[in-house]
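Q: What follows is a predicted structure for the sequence shown.
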Amino acid sequence: MKSKKLTDDDVLAECRYQSAQASGSEFASDELTEDRKEALSYYFGKPRGDEVEGRSSIISKDVADTIDAMLTQIMPTFATPELVQFQAHSEEDEQQARVESAFCNHQLMSENGGYILIETLLKDALLSKNAIVKVQVDVDVKTEKEQYKELFPEEIAQVLQPNKPNQEVDVTVFDEATGNVSIKRTTTTRKLDVTAVAPENFSITSEWKDQYLDDCTYCVERQWRTKSELIEMGYDKKTVHELPSSTADTKIDSIERNQINDEQNFFNTQLSMQIVEMEEHYIRIDQDGDGIAELHKVVTVENILLSNEETPCVPYANGVVFLLGHRFYGQSIYDKLKDVQDMKTHFLRQWADNALIANHKKYVTVDNQVNMEDLTNGRPNGIVRVKSLDSIMELGTSDIGPSCQMALDYFDKVRTDRSGSALDLQSNQMAMPSNVGDQGVNTLIANLEQVTALATRNFSETLIHSLYGLIHKFMRLHFTDQISAKMGSGWEQTNPSMWAERNSLTIVIPPTRSEKLVQQVALEKAIMASQQDLISGKEGITTNEGQIYQMKLDFMRLSGISHPEQYCIDPESPEAMQVRQQKEQMEAEQQQKMEEMQMDMQRQLIEVQIQEIKRNWKNDTEQLDFDYEELAKKLEMEKYKVDVAADIDEAKIVGDAATKLSLASVKGTGTGE
């Protein structure tokens with residue numbers, strides 16, 4: 001069967017029907033509204049309705065204490081300026097992905113007070129099951145009229161130029177003869193607005209089970225606007241003035257959030273400042289009859305339709321801390337600790353009543369034997385006049401304090417098992433073994449923080465993930481001009497309309513406090529070891545300056561220092577490269593000077609050696625001459641000795657021969673005689 005086109009009245013009727021049936025609405029027959037009301041009552045510690053006059057009315061505030069303790073543990077996670085990183089489509093896209101991530105982080109954390117916003121949303125999720133955040137673009141159009149007289153043509157051309165971005169100049173009066181000009185400047189500014197929606201003001205069709213709202217079929221937000229604001233938003237003035245005014249917020253869970261009387265009432269009677277309760281519906285409906293349901297944004301006030309238009313996406317993101325599979329709503333701390341708070345309240349009241357009875361004992365008296373005025377005046381250490389000692393007797397009272405303390409300790413343990421150790425860690429009530437060292441304590445505490453870590457991850461993967469997707473989409477669709485922002489120590493520029501669509505992102509969840517301590521110790525040791533490797537000449541083998549730089553940044557981030565890059569110089573930055581080149585040049589010059597000095601020293605050494613050689617040669621020559629002369633003298637002496645010996649020997653021979661001849665002659669002469 002062919003679908004028929006729907007009129008605006010048909011769309012209005014469908015929205016009104018869906019609003020009445022949506023879970024959490026003022027008219028829905030579900031327990032969500034009452035549940036949220038009770039959660040707020042438990043958080044504020046309001047009277048429970050079972051108090052008895054004259055008895056203790058003390059209330060244990062485990063829900064409030066646990067939520068506030070978990071906030072102190074979780075919120076430092078979201079104090080980082082680099083909470084989310086969009087994933088690049090390719091290696092060439094990595095730098096652009098980092099720029100887009102930085103601008104989205106800047107829009108949330110700097111331009112929209114991200115820290116307080118996230119704390120509000122986190123508290124909503126812990127207390128009211130879910131947290132709802134809305135992203136929209138506020139368009140502000142300002143018109144200025146200017147008049148000029150007796151301008152020259154060059155001056156006319158100058159005043160007709162826009163003097164601000166996104167400005168149009170319209171000429172209303174132009175007299176070329178006199179040079180008189182009247183113009184109207186229309187400046188359009190766009191601001192990305194991220195707001196937390198009170199859970200009680202957001203309703204969704206009970207058919208929707210997913211935590212993500214991208215394809216949600218119906219949801220609605222209650223809003224309160226002044227008639228002046230509605231006119232500024234572009235609605236017809238006459239229609240707005242005829243809208244019914246609201247005098248009070250009548251939703252019970254919204255009223256329960258108030259802490260002062262009459263906070264839900266609206267008292268302004270001036271027409272432009274009268275409050276109008278309106279509903280902003282997002283509904284998928286086939287109005288054009290093509291058989292395909294389109295997403296429409298419909299704004300209504302009771303049975304009056306203010307606007308109906310197609311819209312590209314649902315502008316809401318949902319977050320939970322304790323996930324329930326296959327359901328839109330999560331669990332709150334109230335859901336986990338309601339019975340714990342009830343039981344602790346019961347035992348605290350019993351204990352207080354017991355102490356009151358112990359301090360104001362009951363007595364058994366004998367009629368007319370005790371002065372009742374003395375007995376009942378309550379005067380400390382007062383005198384009680386009696387006629388006999390046995391005329392008054394004290395009724396005994398049992399001390400139930402130890403039993404109550406044991407019960408309270410048990411329910412504290414139940415609270416810790418269900419919601420984690422955040423409150424115990426905050427009050428320093430963790431029992432630690434005496435033989436556990438510092439590292440063991442950090443490890444033990446890290447294990448105890450697992451429930452809080454799970455809540456942080458669930459909240460990040462639901463609300464933060466969807467929120468950044470919406471921020472990226474709205475910037476891409478609505479910001480068509482170049483924008484700039486200071487990122488760290490420098491300024492960046494980008495044109496969001498040129499961004500590519502991105503669906504994948506990584507949420508950088510910092511570690512818990514104990515995990516930070518463990519990681520700080522490990523990083524400190526790694527930095528020292530890497531620096532020692534550099535000194536040992538292992539650069540490029542086991543580490544490098546870039547890795548040490550990143551470890552230093554991580555160490556400072558773990559220490560809670562934001563923008564640590566302003567305290568360290570990136571070794572890959574142009575400044576560092578320039579300093580490195582200058583240093584290398586200086587080292588080269590010093591090396592050259594050292595080489596020249598070494599060459600000079602070598603020359604001097606060679607000169608010394610040459611002189612030494614010459615000196616040694618001279619000495620050796622003189623020694624040789626001396627030795628030669630000595631040898632010559634010795635040879636001369638030896639020759640002389642030889643000659644003398646020869647002469648002596650010759651003389652001996654001659655002498656012997658002469659002697660022999662003489663003897664012979666003597667013998668011959670004797671014979672002849």
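A: Perfect, thanks for sending it.

Q: where's Trp617, which helix or strand?
A: helix 574-672 (DSSP states H and E).

Q: Low-confidence ranges, the stretch 551-673 of the chain, go.
A: 666-673 (pLDDT under 70).

Q: 80 - rerun?
A: Applying pLDDT under 80 to the stretch 551-673 of the chain picks out residues 557-560, 562-563, 614-647, 649-673.

Q: What are the boundaries of the strands in the stretch 151-300 of the chain?
A: In the stretch 151-300 of the chain, the strands defined using DSSP state E, counting those that start in this stretch lie at 167-175, 180-197, 202-204, 218-226, 275-285, 294-301.

Q: Quick check: which of these is buried the most?
A: strand 202-204 (a mean of 24; mean count of other C-beta atoms under 10 Å). Any C-beta I mention is one placed from the backbone N, CA and C, and that applies to glycine too.

Q: who are the neighbours of it, in terms of helices and strands?
A: strand 218-226 (3 or more C-beta pairs under 8 Å, 6 or more residues apart in numbering; DSSP states H and E).

Q: Okay, now the sheet partners of the strand it packs on, with direction.
A: strand 202-204 (antiparallel), strand 275-285 (antiparallel) (DSSP bridges).

Q: got the ones you listed as TSV, with distance to Arg36 and mean pLDDT columns?
A: Putting those into TSV (distance: least, C-beta to C-beta, whole Å; pLDDT from 0 to 100) gives the following:
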stretch	distance to Arg36	mean pLDDT
strand 202-204	11	95
strand 275-285	19	95
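
Q: As CSV, those strands with distance to Leu243 would be great.
A: Converted to CSV, the strands paired with strand 218-226 look like this (distance: least, C-beta to C-beta, whole Å):
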stretch, distance to Leu243
strand 202-204, 21
strand 275-285, 5
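
Q: Relative to Leu192, which of those is closest?
A: Closest of those to Leu192 is strand 275-285, at 17.8 Å (criterion: C-beta to C-beta).

Q: Could you grab the helix/strand/coil label for Glu309?
A: strand (DSSP: H, G, I helix; E, B strand; the rest coil).

Q: quick one: the closest residue to it other than its chain neighbours from Ser25, how far?
A: Excluding the flanking residues, the one nearest Glu309 by C-beta to C-beta, 6 or more residues apart in numbering is Lys297, at 5.7 Å. Using C-beta to C-beta, to the nearest Å, one gets 18 Å for the distance from Lys297 to Ser25.

Q: hmm, back to that, can you redo the strands of the stretch 151-300 of the chain as a markdown table with distance to Leu454?
A: Shown next, in a markdown table, are those (distance: least, C-beta to C-beta, whole Å):
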| stretch | distance to Leu454 |
| --- | --- |
| strand 167-175 | 50 |
| strand 180-197 | 23 |
| strand 202-204 | 24 |
| strand 218-226 | 27 |
| strand 275-285 | 31 |
| strand 294-301 | 33 |
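
Q: between these, which gets nearest to Glu607?
A: Among the strands of the stretch 151-300 of the chain, strand 180-197 comes nearest to Glu607, with 80.1 Å by C-beta to C-beta.

Q: now that closest one, how far from the chain's geometric center?
A: Centroid separation between strand 180-197 and its chain, computed with C-alpha atoms, centre = their mean, to the nearest Å, is 33 Å.

Q: what's that strand packed up against?
A: Using 3+ C-beta pairs under 8 Å, 6+ apart, strand 180-197 sits against helix 94-109, helix 114-128, strand 131-148, helix 153-159, strand 167-175, helix 465-478.

Q: what's the closest of those to Ser56?
A: helix 114-128 (26.1 Å).

Q: pLDDT averaged over that closest one - what is it?
A: Across helix 114-128, the average pLDDT comes to 96.

Q: what does it rub up against?
A: 36, 39-40, 43, 63, 67, 70-71, 74-75, 78-79, 108-109, 130-133, 194-196, 198-200, 319-321, 330, 332-334, 455, 459, 463-464 (C-beta atoms under 8 Å, 6 or more residues apart in numbering).

Q: what does stretch 556-564 give?
A: So stretch 556-564 is contacted by 76, 79-81, 488-489, 510-511, 516, 519-520, 523, 552-553, 567-568 (C-beta under 8 Å, 6+ apart).

Q: same deal with stretch 376-393?
A: Against stretch 376-393 from outside (C-beta under 8 Å, 6+ apart): His360, Tyr363, Val364, Thr365, Val366, Asn368, Gln369, Val370, Asn371, Asp374, Leu375.

Q: From those, keep the buried residues only.
A: Val370 (16 or more other C-beta atoms under 10 Å).

Q: Show me what the helix or strand containing Gln493 is packed against.
A: Assigned by DSSP H and E, Gln493 falls within strand 490-494. Helices and strands touching strand 490-494, by 3+ C-beta pairs under 8 Å, 6+ apart, are helix 94-109, strand 483-487.

Q: between it and helix 94-109, what angle do the directions make?
A: Between strand 490-494 and helix 94-109, the angle comes out at 100 degrees (axes from the mean of the first three to the mean of the last three C-alpha atoms, to 10 degrees).

Q: ok, so of the contacts of stretch 556-564, who is nearest Glu575?
A: Nearest to Glu575 among the contacts of stretch 556-564, with distances taken as C-beta to C-beta, is Ser489, at 10.8 Å.
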